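Enquirer: Please find the sequence and the predicted model below.
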Amino acid sequence: MGLIVFSAAMAFLESAVVIYLRKLYYPCGFSFPIVIVDGLVAVTEVARELATLIMLVAVSFLAGGCGRRKFAVFFLAFGVWDLFYYFWLWLFLGWPSSLLLWDVLFLIPVPWLGPVLAPCLVSLTMILISAHTLWRQERKASVVFKSIDFLLAGVATIALFLSFTWNFRIVLNEEVPTSFPWFLFLPALGIIWGAYLCRALSQGRTRERSKE
């Protein structure tokens with residue numbers, strides 16, 4: 001519970017900065033094309049995003065435990081932080097009015113773009129899988145992954161990264177995005193869910209049979 005409260009509070013700080021920036025650069029409301037900010041603000045934004053990642057990693061190490069637990073804590077904190085980030089923006093700005101509205105999601109190493117629905121689906125996936133992983137660890141029944149699982153996760157992660165950075169030139173060219181590569185995004189998310197559920201269910205059945 002403490003991790004969730006921390007992540008939600010951290011998301012509020014993140015959204016507060018974005019609220020200030022939008023009031024300064026988008027007084028009539030956030031929309032594309034993106035306003036190119038000055039150099040110092042741009043550098044500060046990139047540094048802020050990097051600091052956010054460092055904070056989330058630090059929390060996962062402070063949680064202790066094995067490497068698998070640290071990864072699960074990081075993903076849980078990241079997912080909660082991201083969902084609450086959009087919740088706070090909606091609460092204070094009424095944005096997004098739709099999950100299909102486009103947003104600039106990240107800036108490292110290039111701008112990430114996509115409908116709000118896309119990062120929310122990723123965050124929900126991170127929360128559910130990491131929460132289940134931590135629950136299994138508490139029951140001393142951790143999911144044991146194999147090399148193929150890591151290979152599939154790597155391929156899916158690359159596909160997700162490509163889907164979010166597919167339109168990064170739109171920001172640089174001050175254009176309006178029109179299409180998101182769902183053909184990359186949805187299969188990647190499906191691979192993650194499929195690999196995890198297959199491994200967790202198969203190992204769960206094996207443990208049940210061993211108890212008989």
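Expert: Structure's in. What do you need? Numbers count the residues shown, from 1 in each chain.

Enquirer: Three-state assignment for the spatially most central residue of the chain, please.
Expert: Residue closest to the mean C-alpha point of the chain, counted by CA atoms, centre = their mean, is residue 123 at 4.5 Å. Classification of residue 123 using DSSP: H, G, I helix; E, B strand; the rest coil returns helix.

Enquirer: Who are the contact partners of residue 34?
Expert: With contact set as CB atoms under 8 Å, 6 or more residues apart in numbering, residue 34 has these partners: 104, 170, 171, 174. All C-beta atoms are positioned from the backbone trio N, CA, C, and that covers glycine.

Enquirer: if we can go back for a sec, my guess is the residue nearest to the centre of the chain contacts residue 79. True?
Expert: Yes: counting by CB atoms under 8 Å, residue 79 is a contact partner of residue 123 at 4.0 Å.

Enquirer: quick revisit: so which of the contacts of residue 34 are in strands?
Expert: Counting by DSSP state E, the contacts of residue 34 place residue 104 in strands.

Enquirer: Okay, and which of the contacts of residue 34 map to helices?
Expert: 170, 171 (DSSP state H).

Enquirer: Separate out the buried members of the contacts of residue 34.
Expert: Buried members of these, scored by 16 or more other CB atoms under 10 Å, are 104, 170, 171.

Enquirer: Is the second one in contact with residue 180, as I believe?
Expert: No: here residue 170 does not reach residue 180: they are 11.1 Å apart, not a contact under CB under 8 Å.

Enquirer: Find residues that contact each of those two.
Expert: Contacts common to residue 170 and residue 180, judged by CB under 8 Å, 6+ apart, are residue 113.
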